[in-house]
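Undergrad: When you get a sec, could you give me coordinates for this:
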Amino acid sequence: WMKVPLPIGTEGLEGLVTLDCVFTRNGAALAHKQKILADLPRPAAEKKPFAHTVSREGDCVTVTGDGFSVSVCEGLLADLTAGGEALLAAPMRVNCFRAGTDNDGAIFEPNHKNEWEERLVRTLRFGCREVRVADSPEETVITAVGKLVPYSHFWGFDTTLVTRVGAGGVTDVSVSLEPYGRTPAILPRVGVTLTLPPAFDRCRWLGRGPGESYPDCKANAPVGLYEADAHSMHFTYDVPQETGNHEDCRRVTVYSGAAALTAEGAFSFSLHDFTLENLSSARHCDELETTEQKYLYIDHKMRGLGSHSCGPEPEAEYELPIGPFGWTFRLIPEEHGTDEGGKTHIRMTELFNRSPVSRAAAKELVSRLERFREAELDFEGVEWIGQGFAHELFVVYANAHPGLRLIPLNANPDVQKMIYHVTADIQ
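TA: Numbers count the residues shown, from 1 in each chain. Modelled structure (predicted):
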């Protein structure tokens, strides 16, 4: 690599900043090399008071606000509803199991696949011992303490789950795991599983793609913005095994024609229309059984692939030894979703933590507008917008999508002035 000074800064940017070199011949791409220049986390949003009520029945806590409700039962996120649409079909599960690959121990020792089965990793379930609730005008915090344990064997994790519910039903989930007992030496993955309703059959993500990627196998999957349907989000191996993971993800949205659920953070993910149990037990690809419900796996850590079916195990940096784990991700209910071709309402303060300034921010916004003919853009609480953001949204995107009507609402004089400034020449 040559060191080349770039006349750009990172102000107003969020997510992964990349330098891409595409090698072509006669207009056809031959190779793609990508370098990640910066990983810029989204600044913490200012917490604002919102009208809500909290009810509790035993260890089940429900937070209800304007157009949403969030329920946490025995520490696990159990229900998330926005605009009358249910976004979850079953309670969240903490998951440390994957369908073993050939490299996980099909031939040579150590056979991790057999060890995971013998140690009942697939049966790990969270048992809640205590639930605490702390409510304030800005958020409701639900803390659950318990153990993540298999059906038998003396091992598991002392577990703390913290769920924070804020304005608009935006929910932050934090998981903390401390191992104890005679644990397996290696784990296949560490994360959570969300079961989604049948209509959630489309996915858009910011991360590696379009094909699958793993910690030690991802150079062929550049970071970008991708979209696919749930049925195409896996590779069909002759012998079914772990498949469809996407590394270095910062945001993933799974949606139906009427609603959407977005996860944000730093994670890998996969989306399937078959169960993990089916993927693990099937011996031939025709034994995979499509389900109506969809399964979204949000993983904090995923073990590398290695080449142990004919060579070495994953290198140390891609291995997943047992240890303490802790991570946080955010769930954003898209309560403004409507049927395809209809109308949507988007609150800017829920999408951006500060005044949006860049074209990249505008592109993040417009990625949510493709299914609609009319979009109400609510600028209440936004102090100002950048010229790049305004031009990309109200000129570039608007000109490319004449069938979509953009309606700015609750814009203060500074926001109105910028919108007029960029559109004056075309009015």
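Undergrad: Near Tyr237, how many residues? Count them for me, please.
TA: 14 (other CB atoms under 10 Å). Yep, even glycine has a C-beta here, placed from its N, CA and C like the rest.
Undergrad: cool, and Trp384?
TA: 16.
Undergrad: Listing partners with orientation, what would you give for whichever strand or helix holds Val70?
TA: Secondary structure assignment for Val70, by DSSP states H and E: strand 68-73. In the sheet, strand 68-73 lines up against strand 60-65 (antiparallel), strand 76-82 (antiparallel) (DSSP bridges).
Undergrad: Out of the ones you listed, flag the one nearest Ala28.
TA: Closest approach to Ala28 among those (CB to CB): strand 76-82, 43.8 Å.
Undergrad: for the record, mean pLDDT for that closest one?
TA: Strand 76-82 carries an average pLDDT of 96.
Undergrad: go on, stretch 345-358?
TA: On average, stretch 345-358 scores 83.
Undergrad: cool, stretch 238-249 as well?
TA: Here the average pLDDT along stretch 238-249 is 95.
Undergrad: quick one: buried residues of that stretch?
TA: Neighbour-count burial for stretch 238-249, counted by 16 or more other CB atoms under 10 Å, picks out 240-249.
Undergrad: With stretch 102-118 instead?
TA: Quick answer for stretch 102-118 (16+ other CB under 10 Å): 102-106, 111-113, 115-116.
Undergrad: Of these, which one scores lowest on pLDDT?
TA: Out of these, that is Ala106, at 61.
Undergrad: Helix or strand: which one has the spatially most central residue of the chain?
TA: The centre of the chain sits closest to Ala263, judged by CA atoms, centre = their mean, with a distance of 3.4 Å. Using DSSP H and E, the element containing Ala263 is strand 260-272.
Undergrad: and that strand, which strands flank it?
TA: By DSSP bridges, strand 260-272 pairs with strand 246-255 (antiparallel), strand 294-302 (antiparallel), strand 325-334 (antiparallel).
Undergrad: Looking at those, spot the one closest to Gly75.
TA: strand 325-334 (15.2 Å).
Undergrad: how far does that closest one sit from the chain's center?
TA: Counting by CA atoms, centre = their mean, to the nearest Å, strand 325-334 is centred 8 Å from the centre of its parent chain.
Undergrad: Could you list the buried residues of that strand?
TA: Counting neighbours by 16+ other CB under 10 Å, strand 325-334 gives 325, 327, 329-334 as buried.
Undergrad: would a markdown table of those residues with distance to Leu88 and pLDDT be doable?
TA: Listed next are the buried residues of strand 325-334 as a markdown table, based on distance: CB to CB, whole Å; pLDDT from 0 to 100:
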| residue | distance to Leu88 | pLDDT |
| --- | --- | --- |
| Phe325 | 23 | 98 |
| Trp327 | 19 | 98 |
| Phe329 | 14 | 97 |
| Arg330 | 15 | 96 |
| Leu331 | 9 | 97 |
| Ile332 | 13 | 93 |
| Pro333 | 10 | 91 |
| Glu334 | 13 | 77 |
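Undergrad: so which pair among these is furthest apart in space?
TA: Phe325 and Glu334 (28.8 Å).
Undergrad: For Asp79, name its beta-bridge partners.
TA: So, taking DSSP bridges as the rule, Asp79 has Ser71 as bridge partners.
Undergrad: Report how many residues lie close to it.
TA: 17.
Undergrad: Hmm, it is touching Ser71, no?
TA: Yes: using CB atoms under 8 Å, Asp79 is in contact with Ser71, at 3.9 Å.
Undergrad: and for the two, which residues touch both?
TA: Thr62 (CB atoms under 8 Å, 6 or more residues apart in numbering).
Undergrad: Next, find the distance separating Pro188 from Gly146.
TA: Distance of Pro188 to Gly146, computed by CB to CB, to the nearest Å: 22 Å.
Undergrad: Please enumerate the helices of the stretch 51-200 of the chain.
TA: Under the criterion DSSP state H, counting those that start in this stretch, helices of the stretch 51-200 of the chain are mapped to 112-118.
Undergrad: what about the strands in it?
TA: 52-57, 60-65, 68-73, 76-82, 85-86, 90-95, 125-135, 140-149, 155-165, 171-181, 189-196 (DSSP state E, counting those that start in this stretch).
Undergrad: Quick one: residues in contact with the fourth one.
TA: Here strand 76-82 makes contact (CB under 8 Å, 6+ apart) with 60, 62, 67-72, 86-88, 91-94, 126, 128, 144, 161, 163, 169, 171, 173, 194, 259, 261, 331, 333-335, 337.
Undergrad: so what's the nearest residue to Arg164 once chain neighbours are set aside bridging to?
TA: Nearest residue to Arg164, sequence neighbours excluded (CB to CB, 6 or more residues apart in numbering): Asp172, at 4.3 Å. With DSSP bridges as the criterion, Asp172 is bridged to Arg164, Arg330.
Undergrad: OK, contacts around Asp172?
TA: 162-164, 166, 328-331.
Undergrad: So which of those residues is the closest to Phe267?
TA: For these, the nearest to Phe267 is Phe329 (6.0 Å; CB to CB).
Undergrad: quick one: the closest residue to the closest one other than its chain neighbours from Val162, how far?
TA: Among residues not flanking Phe329 along the chain, Gly265 sits closest, at 3.7 Å (CB to CB, 6+ apart). As judged by CB to CB, Gly265 and Val162 stand 14 Å apart.
Undergrad: Could you check which of the two has the larger neighbour count?
TA: Taking other CB under 10 Å, Gly265 and Val162 do not tie; Gly265 has more neighbours (20 against 17).
Undergrad: Might you report the residue contacts of that one?
TA: Per CB under 8 Å, 6+ apart, neighbours of Gly265: 250, 298, 327-330.
Undergrad: What of His300?
TA: Contacts of His300 by CB under 8 Å, 6+ apart are 175, 190-191, 267, 325, 327.
Undergrad: Okay, and the beta partners of the residue nearest to the centre of the chain?
TA: Val252, Leu331.
Undergrad: and of the contacts of His300, the nearest to Gly306?
TA: Scanning those for proximity to Gly306, where the rule is CB to CB, the winner is Val190, at 17.5 Å.
Undergrad: Excluding sequence neighbours, find me the nearest residue to the closest one.
TA: Lys301 is the one closest to Val190 (CB to CB, 6+ apart), at 4.5 Å.
Undergrad: Next: Thr243.
TA: Thr243's closest residue in space is His234 (CB to CB, 6+ apart), at 4.4 Å.
Undergrad: Show me where the stretch 51-200 of the chain dips below the pLDDT cut-off.
TA: 106-109 (pLDDT under 70).
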